[in-house]
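Novice: Predicted coordinates and the sequence they were generated for:
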Amino acid sequence: MSQERLAELAGLNYKYLGRIELAKADPGADVLVRLARGLRVPVGELFETITPTDTSAYRFSPADSESVSLALASLTTVLNRVFAQQPRPIPLRAPRRPHR
């Protein structure tokens, strides 16, 4: 089926349909319903190509979860300090050892 024919069946402009196909336009729910009707398919079928079929999700190990939590806590502390415009104090230098 041509873009022109689908656009006609869906009540859309064929140029707009081309922009959707090139990912230059994001159709709303109403447009998706119109496209599904024009194609004579259920709306859900339009999403089958982007919906993952593998339902086994990656699971973080407890160590990974703890590492991520610690990293987020550190990042949150730094961001709060930056947004409050309170720079971190510069640490004092350790005393130098005498050269031999």
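Specialist: Thanks, I have the structure now.

Novice: Going along the chain, name the helices of this protein.
Specialist: 3-10, 14-21, 29-39, 62-83 (DSSP state H).

Novice: would TSV of those helices with mean neighbour count, distance to L92 and mean pLDDT be doable?
Specialist: (Glycine included, C-beta is placed from N, CA and C.) Putting these into TSV (neighbours: other CB atoms under 10 Å; distance: least, CB to CB, whole Å; pLDDT from 0 to 100) gives the following:
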stretch	mean neighbour count	distance to L92	mean pLDDT
helix 3-10	16	69	91
helix 14-21	15	60	91
helix 29-39	15	60	91
helix 62-83	10	19	87
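
Novice: Which among the ones you listed is found nearest to P89?
Specialist: Closest of the helices of the chain to P89 is helix 62-83, at 10.5 Å (criterion: CB to CB).

Novice: Need the CA coordinates for that closest one. CSV is fine.
Specialist: The C-alpha coordinates for helix 62-83 follow below in CSV (Å, rounded to 0.1, in the frame of the first residue of the first chain):
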residue,chain,number,x,y,z
PRO,A,62,23.2,-7.0,45.5
ALA,A,63,26.8,-5.7,45.0
ASP,A,64,25.8,-3.8,41.9
SER,A,65,22.7,-2.3,43.6
GLU,A,66,24.8,-1.1,46.5
SER,A,67,27.4,0.4,44.2
VAL,A,68,24.7,2.3,42.3
SER,A,69,23.1,3.5,45.5
LEU,A,70,26.4,4.8,46.8
ALA,A,71,27.2,6.5,43.5
LEU,A,72,23.8,8.1,43.4
ALA,A,73,24.2,9.3,47.0
SER,A,74,27.6,10.8,46.3
LEU,A,75,26.2,12.5,43.1
THR,A,76,23.3,13.9,45.0
THR,A,77,25.6,15.3,47.7
VAL,A,78,27.7,17.0,45.0
LEU,A,79,24.7,18.4,43.1
ASN,A,80,23.1,19.8,46.3
ARG,A,81,26.4,21.5,47.1
VAL,A,82,26.7,22.9,43.5
PHE,A,83,23.1,24.1,43.5
